[in-house]
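> got a structure for you, letters missing:
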């Protein structure tokens, strides 16, 4: 990772600005239905966001971490909470993980 960071070459401002302005013109086309999905036309804002995201993925070094965790007790807690609140609202595993992360950061801010 350190080598990737050392080899990083920042882009100049003019090419970064051109990425945001290269959004394709969107016609008012109707959605295109396929066998298993439907393609909807994107607005200019969505296209610009996608272009910027693609640009950042191509020009900024990235690395990925993988962690194995045992979530048996968290899954039991989720099942218990979901039984208690009924069908109107359900708590997802993501909800509990976000809450746990927030509590950990709050208890150890540095």
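Structure received. Predicted, not measured: the structure shown is a model, and the values here were computed from it. Residues are numbered from 1 along each chain as shown.

> farthest residue from the center of this structure?
residue 84 (30.5 Å; C-alpha atoms, centre = their mean).

> pLDDT averaged over the helix or strand hosting it - what is it?
With secondary structure defined by DSSP states H and E, residue 84 is part of helix 72-85. Per-residue pLDDT values over helix 72-85 give a mean of 94.

> quick one: list the elements packing against that helix.
Packed against helix 72-85, as judged by 3 or more C-beta pairs under 8 Å, 6 or more residues apart in numbering; DSSP states H and E, are the following elements: helix 93-107. Where C-beta positions appear, they are placed from N, C-alpha and C, glycine not excepted.

> list the buried residues of the helix holding residue 84.
Buried residues in helix 72-85, counting neighbours by 16 or more other C-beta atoms under 10 Å, are found at residue 78.

> quick one, helices of this protein?
2-7, 13-20, 44-59, 72-85, 93-107 (DSSP state H).

> can you say which of those helices is nearest to residue 38?
helix 44-59 (15.7 Å; C-beta to C-beta).

> run the chain-centre distance for the helix holding residue 84.
Centroid separation between helix 72-85 and its chain, computed with C-alpha atoms, centre = their mean, to the nearest Å, is 26 Å.
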